[in-house]
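1. Sequence and predicted structure below; questions after.
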Amino acid sequence: MSERIIAGAPVNVNEEGFMTDFRQWNQTIGTELAREADLTLSPRHWQVIEYLQTEYRNEVPLSIRKIGKSGVVDIKEFYQLFPNAPLKTAAKIAGIPKPASCI
């Protein structure tokens, strides 16, 4: 584990750059992580991020299939919102650990 500065704040991250302490996350950090992934977050992105964070807080394992069945976003739109490695990218922006279903 190491520390890096994201949006001016010290944040604990693992070797893959995923935050290790969700309590350090805020929307400014999420916006910066999205910028690093070449994404500009729309209100729709934020809805998906909030869903991922809620599932994480409730200790629900995440997968592309589960997200597609969530009623929040279908799989096609999820891939449109987060085109490169959608679940991995969305989880990183949301400040949650990389889901076990991601390689």
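-> Thanks, I have it.
2. C-alpha from now on. contacts and neighbour counts both.
-> Fine.
3. E3: helix or strand, and which one exactly?
-> strand 2-6 (DSSP states H and E).
4. so what strands line up beside that strand?
-> In the sheet, strand 2-6 lines up against strand 9-13 (antiparallel) (DSSP bridges).
5. Leaving out chain neighbours, which residue sits closest to the spatially most central residue of the chain?
-> Residue closest to the mean C-alpha point of the chain, counted by Cα atoms, centre = their mean, is A91 at 2.3 Å. The spatially closest residue to A91, leaving aside those adjacent along the chain, is K98, at 6.1 Å (Cα to Cα, 6 or more residues apart in numbering).
6. So what touches whichever strand or helix holds A34?
-> Using DSSP H and E, A34 maps to helix 27-36. Contact with helix 27-36 is made by I6, A7, T40, L41, K92, I93, A94, G95, as judged by Cα atoms under 8 Å, 6 or more residues apart in numbering.
7. and it, C-alpha only, in CSV?
-> Listed next in CSV are the C-alpha coordinates belonging to helix 27-36 (Å, rounded to 0.1, in the frame of the first residue of the first chain):
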residue,chain,number,x,y,z
GLN,A,27,-16.6,13.7,-5.4
THR,A,28,-13.6,15.8,-6.1
ILE,A,29,-11.4,12.7,-5.9
GLY,A,30,-13.9,10.8,-8.0
THR,A,31,-13.8,13.5,-10.7
GLU,A,32,-10.0,13.5,-10.8
LEU,A,33,-9.9,9.7,-11.1
ALA,A,34,-12.4,9.9,-13.9
ARG,A,35,-10.2,12.6,-15.6
GLU,A,36,-7.2,10.2,-15.3
